[in-house]
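Student: Predicted model and sequence below, questions to follow.
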Amino acid sequence: PSHGPASGCAVTCIVEGSRPFALEMQALAVPSYLAMPRRVASGLELSRLHLMLAVLSQRGGLDSADRDVLATVSGGIRVRDSGADLAMICALASAIRDIPLPPETAFLGEVALSGSLRPAGNTARRLAELSRLGFRRCVVPARSTENVPGMELIPAATVRDALRAVLPAAEAKRARSRLPVGPVAHDDALEDPDRDEDAHQGAASLAYERKRDTRNRE
């Protein structure tokens, strides 16, 4: 049987020497029962993972303090390219929300502590490589000016903007949770106890009126 896309996976393109090549950043976030949740990094520095989680919490509104977080890079490659920051932070957000990122979408950009996004070096070459591999969209910093045929660029000025663009379901769910609760339909819910009490008081009042009318006629 075919399986849908998994959460916590984001594709980017790095440059090693003069050669650009795509790779996948992977993250997993699970509930932790430890006093200090674990942070495990493979293929990137652990300090970089801590930095990305801190930015995601403070600037993106996604906290992972109660979760064990594991991050890795596909193919056993050691990533030192800061242009992969945006892919890593979106993979982490996807894992924490457990919502897959959109298909055929890549991520390019550096992430600052302020939460702002900065263009990666050699962006045009990276985009060309991603387009050659079949990617049709790429989330990039708003200041990026490159234009690659067949590639739709999704500009984002901050981490929060990027998350809104690729995790709309999570944003909608969070927005619905803030909406005031309206009247409950009779067919969709249990009886309202207050409504039952009002009905009981109304019936008692009607019985009293009928009894008084009978006495007046007598």
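Tutor: Right, received. Where do you want to start? The structure presented is a predicted model; accordingly, all values stated were derived computationally and were not measured.

Student: for the protein, where's the lowest mean pLDDT among helices and strands?
Tutor: One helix or strand of the chain scores below all others by mean pLDDT, DSSP states H and E: helix 168-178, with a mean of 48.

Student: Give the burial count for Met25, as a bare number.
Tutor: Met25 has 28 neighbours, counted by other Cβ atoms under 10 Å. Yep, even glycine has a C-beta here, placed from its N, CA and C like the rest.

Student: likewise Val166?
Tutor: For Val166, using other Cβ under 10 Å, the count is 23.

Student: Please apply the same query to Arg97.
Tutor: 19.

Student: Give me the pLDDT for the nearest residue to Leu117 once chain neighbours are set aside.
Tutor: Take Leu117 and drop its neighbours on the chain: the residue closest to it by Cβ to Cβ, 6 or more residues apart in numbering is Pro141, 3.8 Å away. Per-residue confidence (pLDDT) for Pro141: 95.

Student: So Pro141 is in contact with Pro119, correct?
Tutor: Yes - assessed by Cβ atoms under 8 Å, Pro141 is found in contact with Pro119 at 5.0 Å.

Student: which of those two has more neighbours?
Tutor: Neighbours per residue, other Cβ under 10 Å: of Pro141 and Pro119, the larger number sits with Pro141, 23 against 17.

Student: Please list all residues in contact with that one.
Tutor: Residues near Pro141 by Cβ atoms under 8 Å, 6 or more residues apart in numbering: 86, 108-110, 117-119, 155-157.

Student: beta partners for it?
Tutor: Beta-bridge pairing for Pro141 (DSSP bridges): Ala156.

Student: do the same with Ile14
Tutor: Beta-bridge partners of Ile14, counted by DSSP bridges, are Phe21.

Student: check contacts around it.
Tutor: Ile14 touches 20-21, 23, 79, 81, 83-84, 126, counting by Cβ under 8 Å, 6+ apart.

Student: Can you check the pLDDT for it?
Tutor: Here the pLDDT value assigned to Ile14 is 94.

Student: Distance-wise, check it relative to Asn122.
Tutor: 10 Å (Cβ to Cβ, to the nearest Å).

Student: List the contacts of the closest residue to Ile96 other than its chain neighbours.
Tutor: In space, Ile96 comes closest to Ala29 once its chain neighbours are excluded; the distance is 4.7 Å by Cβ to Cβ, 6+ apart. Applying Cβ under 8 Å, 6+ apart to Ala29 gives the contacts 8, 64, 67-70, 92, 95-96, 98.
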